[in-house]
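Asks: Provided below for reference: sequence and predicted model.
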Amino acid sequence: MKNEMIIVLDFGGQYNQLIARRVRECNVYCEVKPYTMSLDEIKALNPKGIIFTGGPNSVYDEASPHYDKEIFNLGIPILGICYGSQLMAYSLDGTVETAPVSEYGHTEVTVDTTDVLFDGASEKTVCWMSHTDYIAKAPEGFKVTAYTPVCPVAAMSCAERKLYATQFHPEVMHTKEGMKMLSNFVYKVCGCAGDWKMDSFVDSTIKALREKIGSGKVLCALSGGVDSSVAAVLLSKAVGRQLTCVFVDHGLLRKNEGDEVEAVFGPNGHYELNFIRVNAQQRYYDKLKGVTEPEEKRKIIGAEFIRVFEEEAKKIGSVDFLVQGTIYPDVIESGLGQSAVIKSHHNVGGLPSVVDFKEIIEPLRMLFKDEVRKAGLELGIPEHLVFRQPFPGPGLGIRIIGEVTEEKVRIVQEADYIYREEVAKAGADKNLGQYFAALTNMRSVGVMGDFRTYDYAVVLRAVNTSDFMTAEAARLPWEVIEKVTNRIVNEVKGVNRVLYDCTGKPPATIEFE
Ligand code: XMP
């Protein structure tokens, strides 16, 4: 049976996947499609509804993305959000202008609770606004269903044509009753039954992978982190021993991690797959010698990764597909689509242009981290693996600021091990999204015994986050930080100072490089 589907039509906004995710949270399958997708292609997908996203442009600029007006006549319910709402108004001969007053952030909006979109919402409700243009006049046949003191059409609807629009963003958490509004759209306007669950994702992905791969050979980049582990198990369930997982020990792993990964996925482990461990430590240290620039380090590590795979693939014989555990935040932060490049994430921006495989498969590309975990549980992966902390592809390479050396790797491994051990022992890890130690490239003066020292500073990071797109610094108990600090300076040679990172994301990122 095919699931009912909502399409999110992407006009370049920041929250496109978030909209899709919120719809999935309503138990309705949802995919993001580019606005360049033709009307016929959309019709062929037979969506129950379409959501137009926000975007950075002005609808009245010729060069801005527009869409064939015929879409509004298909009888398919449409919800326009922000730019999408303006596009709806503009296409149907309403008026869109630069607003005299821009609105950003929390805004109290007065809504018409008799409108189906706002059914069950409070008359005055806090919404997240972010716009410089606004709909000055709704198109004929539309009624205004929400406003603010400076935004006359904060929402509008034409129930007969099943067209709805909001100037604000119902998908973000800051819009207090946003989930109610999206759920109203999905259920009460589109008439969805809610036939989608994470196990549907797992089943349909396994089925789709089987169809795509046929009898082909698959190579999987396994790092032992949550994402690549879930990707590997999906593939193992889909094609069993057609899958070979290559685990590269690049010498930038956490302490003991190589052996732990081998224990789970290796020949004595739980899964039906071929497992190859490549010990490439020295090769990486050589390549990274003298390199200090973060993007360059990331690119070198990413490129070397692919080289190792290519070599392994050649040994195995013809390999058709390369599987990667790329997840959604990696995709947007690497600047694919319309967003700005924050970091070249391993497996995405770091890919060299020539890859010796027929195709790359990224089964988790549309999921957020917590959705990946849910899929992992559905797949029966042990909890300690599913809830394992995320670990970036470039590993300790991006937790050592500046040049990477074997000695620095040892320092950060030891410090991180102590940190994790103490945090877990104190039970302080329960609500942490991620926590780890990193090595600054700062050395400073200290005194140990009667001697002057001139050693490195280790920095401790701990953040609360669920989607890894934003995060706040965690308030770890001081006693834990104190204990960790004492142990690190006493036990890890080369460290005489420990710092705690109090910065959130934004403005910082979770990793240091
Ligand atoms: P940032 O540092 O961008 O990290 O705030 C967000 C999340 O992504 C992880 N991360 C990576 N994961 N390849 C990965 O697979 C990478 O290159 C990479 N860089 C960061 C990071 O650990 C955090 O969970």
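Replies: Good, I have the coordinates.
Asks: so where do the helices sit in the stretch 301-450 of the chain?
Replies: For the stretch 301-450 of the chain, the helices identified by DSSP state H, counting those that start in this stretch occupy 328-333, 369-378, 383-386, 406-425, in order along the chain.
Asks: wait, which of those is closest to A280?
Replies: For the helices of the stretch 301-450 of the chain, distance to A280 was read as Cβ to Cβ. The smallest value, 13.4 Å, belongs to helix 406-425. Just so you know, the C-beta spots here come from the backbone N, C-alpha and C atoms, and that holds for glycine as well.
Asks: For that closest one, buried residues please.
Replies: 408-409, 411-420, 422-423 (16 or more other Cβ atoms under 10 Å).
Asks: Among these, which one sits closest to A471?
Replies: Ranked by distance to A471 (Cβ to Cβ), these are led by V423 at 16.3 Å.
Asks: Who's the closest spatial neighbour of the closest one, skipping the chain neighbours?
Replies: With sequence-adjacent residues excluded and distances taken as Cβ to Cβ, 6 or more residues apart in numbering, V423 is closest to D429, at 5.0 Å.
Asks: how close does that neighbour sit to the ligand?
Replies: As judged by Cβ to the nearest ligand atom, to the nearest Å, D429 and the ligand stand 15 Å apart.
Asks: E171 too?
Replies: Taken as Cβ to the nearest ligand atom, the spacing of E171 relative to the ligand amounts to 20 Å.
Asks: My guess is that residue contacts L18. True?
Replies: Yes: E171 sits in contact with L18 when judged by Cβ atoms under 8 Å, with a separation of 4.9 Å.
Asks: before we move on, the earlier item: out of the helices of the stretch 301-450 of the chain, which gets the lowest mean score?
Replies: Ranked on mean pLDDT, the bottom entry among the helices of the stretch 301-450 of the chain is helix 328-333, at a mean of 68.
Asks: So which residues of the stretch 1-150 of the chain form helices?
Replies: If you assign secondary structure with DSSP H, counting those that start in this stretch, the helices in the stretch 1-150 of the chain sit at 16-25, 39-45, 83-91.
Asks: Output the shortest one as PDB, restricted to C-alpha atoms.
Replies: Presented in PDB, the C-alpha positions along helix 39-45 are these (Å, rounded to 0.1, in the frame of the first residue of the first chain):
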ATOM      1  CA  LEU A  39       3.000  20.400 -12.500                       C
ATOM      2  CA  ASP A  40       2.700  17.100 -14.200                       C
ATOM      3  CA  GLU A  41       5.400  15.600 -12.000                       C
ATOM      4  CA  ILE A  42       3.500  16.900  -8.900                       C
ATOM      5  CA  LYS A  43       0.200  15.500 -10.200                       C
ATOM      6  CA  ALA A  44       1.800  12.100 -10.800                       C
ATOM      7  CA  LEU A  45       2.700  11.900  -7.100                       C
END
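Asks: distance between that helix and the chain's centre?
Replies: In this view, helix 39-45 has its centroid 27 Å away from the chain centroid, taken as Cα atoms, centre = their mean, to the nearest Å.
Asks: Tell me which other helices or strands that helix touches.
Replies: In terms of contacts (3 or more Cβ pairs under 8 Å, 6 or more residues apart in numbering; DSSP states H and E), helix 39-45 is packed against strand 5-10.
Asks: list the helices and strands the strand it packs on packs on?
Replies: If contacts are counted by 3+ Cβ pairs under 8 Å, 6+ apart, strand 5-10 sits against helix 16-25, strand 29-34, helix 39-45, strand 49-52.
Asks: So which of those is nearest A99?
Replies: Counting by Cβ to Cβ, and looking across all of those, nearest comes strand 49-52 at 19.0 Å.
Asks: list the helices and strands the closest one packs on?
Replies: Packed on strand 49-52, when contacts are counted by 3+ Cβ pairs under 8 Å, 6+ apart, are strand 5-10, strand 78-81, helix 83-91.
Asks: My read is that P77 contacts V189, right?
Replies: Yes: the pair P77 / V189 is scored as a contact, 4.7 Å apart, by Cβ under 8 Å.
Asks: Which neighbours do the two have in common?
Replies: Jointly contacting P77 and V189 under the rule Cβ atoms under 8 Å, 6 or more residues apart in numbering are 49, 162, 164.
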